[in-house]
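Colleague: any chance you can model this:
(2 chains)
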Amino acid sequence: MNQTYRYCGVPIFSELPLPELPTAATGTAAERAVRFGATPAQLPDEQRRTATFAHNGREALWWLAGIGRFHISDQGRLITLSPDDGAEEAALRLMLLHPVWALASLLRGEWLLNAAAVSRQGEITAFIGPSACGKSTLAALLLREGFGLVSDALLRVTQDAQGRLIGHPQGPWLQLWPSALKHLELDDNSTELRAGLPLRRVILPTQAEALPIARLALLREQRDNTLDILTQRPQQGTLGFTTLLQCSAGNTWLDDLADRHALFQHAVGLLKQARIERLDLPWGLAHDERMVSEVQQWIDPAAIGAGITQSSMKRW
Amino acid sequence: MPRTVWLASYPKSGNTWFRIFLANLLHPEQAPVDLNQLPERTPIASSRGHFDDLLGVPSALLTQAEIDRLRPAADAELARAWDEPLLLRKAHDAYTRLPDGTPLMGQGPDFSAIYILRDPWDVAVSMTNHFNCDLDQAVANLTNPEFAVAVTRRKLNGQLRQQLGTWEMHASGWLQAPMPLCLLRYETMKADPLPEFRRAVRFMELPHDDDAITAALEASRFERLQQAEQAERFQETPKHTQAFFRRGISGEGLDKLTPEQRAPLETMQQRIQALIIERGLAA
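Modeller: Below is the predicted model:
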């Protein structure tokens, strides 16, 4: 059934059912649309073509054999979808809500961070970093400590009326691997994302409103490290700016498609507003109590001993 | 577009040592280089992060078949984005073909390879340390046509799955790959380093003379690497392992392996030796 949903704070009308998303309030005007239809093989005046995408600076194509083709037009407002024969609907939704969404957002002039984010006391802490650095797992561990869920992978950043940079709730889920699910005792609540994929989804309540971003932690790729304590390295100035760009969703297309002025303004604003630090932390689910305790202390040094217990290990 | 040169080998065959040598050669002002921050970039073929960034799709959302199918495209995108004339890339993957016949690791003239070959009995001994297994298991790995690393589906690995196959399949695939190839023997690199490393330097079309190569070799001496590792843990060392640079000697496996463990490895080694001669790859 055609519906208007809400994703990353954006009302989106979709002919493809998106049951994982909350529906938008009745009467909400959609800002983007997903429709079934024919997609072109090529774009006029293509500037770049790879094995998965092509664009001409104004429109883009994204495709994956066996799943389908997506044509993004009207400055990112319209996504036309043409499924391949036998395509799994779950795989179509997965691609629509991640790579295709990131590409469409860039064409809209918007900025998304690749971030798992949580909230407490009206502000957001976002975890950024390379693939497999443990962003979602850390978010899951903090949810157990009473934090709210903001995003699993895509954090849309905009400026509010007061000029603050705010992060919008993505969708009501975390996507986790079997070892993390087992550790968090969430196996029974998880569902398959697409056939044969070990990564699974857990539906969780999400923070309802967009909130200011107070801090970003750059996590490093985990290599079974043997660190004993959490160390912090501020990411200021150019280093911070570079970090934010590297951790932008769709950074593949940043050079070609981003609204450079808006991106620069947002990144500089975030550097002023938020604490951005690289965290090297003792990692591994076997050390989760210590890890969570250290991260909570980093988030709010005054909170430990003043109401927030050190890794109280509350259950869901 | 830069020239892509694979620095390919079975794991535990001297690849890291060679890359440290390269870093010392290309950045003599930093020699001996910091092992945890090598100044020379040699992005590994199986990096999940590079794949995700280059293709704009998180590999975690893809099936293994989709990832394999897209890896050559990620390699092409990395080459496109590379801002230097030479792109050196570490690889442990076997030289295999995708179901449609496309080689996973490319072919000439866009690609060439330096292949480091180490005697399998010594690889077996080194593997026990790196993979935290006994010699029986190491030999089983080296003779397993399905052997692969980064295969777990329990958690997200920073590396994409790498199919290795047997030690023989790995060597045979690379030695017959349709691309220019420079074969280095680990045993020769240890016994008589200058000519062996000089061949590699010439293959990469680097201008460095023997003095520079000798200096880089000195900065990469095994004892130095061990000392550096004692001072600061090497980040590529697996958690359960005390030291990455363990002994680095040749022939240890001949003493440590039983005749039963050695037999299949010797058979494989003899066939590869014959292939090397047949293809005129002996130094």
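Colleague: switch to C-alpha atoms for all contacts and neighbour counts from now on
Modeller: Fine.
Colleague: tabulate the CA atom coordinates of stretch A:30-37 in PDB.
Modeller: What follows is stretch A:30-37, C-alpha atoms only, in PDB (Å, rounded to 0.1, in the frame of the first residue of the first chain):
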ATOM      1  CA  ALA A  30       6.100  14.100   1.400                       C
ATOM      2  CA  GLU A  31       9.400  15.700   0.500                       C
ATOM      3  CA  ARG A  32      10.600  12.700  -1.500                       C
ATOM      4  CA  ALA A  33       8.900  10.000  -3.500                       C
ATOM      5  CA  VAL A  34       9.800   6.500  -4.400                       C
ATOM      6  CA  ARG A  35       7.900   5.200  -7.400                       C
ATOM      7  CA  PHE A  36       8.100   2.100  -9.600                       C
ATOM      8  CA  GLY A  37       8.900   2.800 -13.200                       C
END
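Colleague: give me the residues contacting it.
Modeller: A:4, A:10-16, A:76-82 (C-alpha atoms under 8 Å, 6 or more residues apart in numbering or on different chains).
Colleague: mind redoing it with 6 Å?
Modeller: Outside of stretch A:30-37, the residues within contact range by C-alpha atoms under 6 Å, 6 or more residues apart in numbering or on different chains are A:Pro11, A:Ile12, A:Phe13, A:Ser14, A:Glu15, A:Arg77, A:Leu78, A:Ile79, A:Thr80, A:Leu81, A:Ser82.
Colleague: ok, A:Gln175 - contacts?
Modeller: A:Arg200, A:Arg201.
Colleague: local confidence estimate at it?
Modeller: Note on A:Gln175: pLDDT of 95.
Colleague: likewise for B:Ala243?
Modeller: For B:Ala243, the predicted pLDDT is 65.
Colleague: mind checking how far A:Ile10 is from A:Asn251?
Modeller: Ile isn't right for residue A:10; it's Val. 20 Å (C-alpha to C-alpha, to the nearest Å).
Colleague: meant to ask about B:Asp53, not that
Modeller: Taking C-alpha to C-alpha, one finds B:Asp53 at 7 Å from A:Asn251.
Colleague: also B:Val125?
Modeller: 42 Å.
Colleague: on that earlier part again, out of A:Val10 and A:Asn251, which sits in the more crowded spot?
Modeller: In this view A:Val10 and A:Asn251 are compared by other C-alpha atoms under 10 Å in any protein chain shown, and A:Asn251 has more residues nearby, 24 against 18.
Colleague: for B:Arg198, pull up the helix or strand it's in.
Modeller: According to DSSP states H and E, B:Arg198 maps onto helix B:193-203.
Colleague: and that helix, what's buried?
Modeller: If you call a residue buried by 16 or more other C-alpha atoms under 10 Å in any protein chain shown, then helix B:193-203 has these buried ones: B:Leu194, B:Glu196, B:Phe197, B:Arg198, B:Arg199, B:Ala200, B:Val201, B:Phe203.
Colleague: that helix: what's the following helix or strand?
Modeller: Counting by DSSP H and E, the element after helix B:193-203 in chain order, helix or strand, is helix B:210-219.
Colleague: how about the secondary structure of the residue nearest to B:Arg19 when sequence neighbours are not counted?
Modeller: Spatial nearest neighbour of B:Arg19, chain neighbours left out: B:Thr42 (7.7 Å); criterion: C-alpha to C-alpha, 6 or more residues apart in numbering or on different chains. Per DSSP: H, G, I helix; E, B strand; the rest coil, the secondary structure class of B:Thr42 is coil.
Colleague: please apply the same query to the one 3 residues further on.
Modeller: For B:Ala45, the reduced secondary structure class is coil; criterion used: three-state DSSP.
Colleague: please tell me how far the closest residue to it other than its chain neighbours sits from chain A.
Modeller: Of all residues not flanking B:Ala45 in the chain, B:Ala91 sits nearest, at 5.2 Å (C-alpha to C-alpha, 6+ apart). Distance check for B:Ala91 against chain A: by C-alpha to the nearest C-alpha, to the nearest Å, it reads 18 Å.
Colleague: what's the burial count for B:Ala91?
Modeller: With neighbours defined by other C-alpha under 10 Å, the count for B:Ala91 comes to 24.
Colleague: which phi and psi does it have?
Modeller: Dihedral angles of B:Ala91 (phi, psi; degrees, to the nearest 10) stand at phi -150, psi 140.
Colleague: ok, now how distant is it from B:Tyr186?
Modeller: Distance, B:Ala91 to B:Tyr186, using C-alpha to C-alpha: 16 Å.
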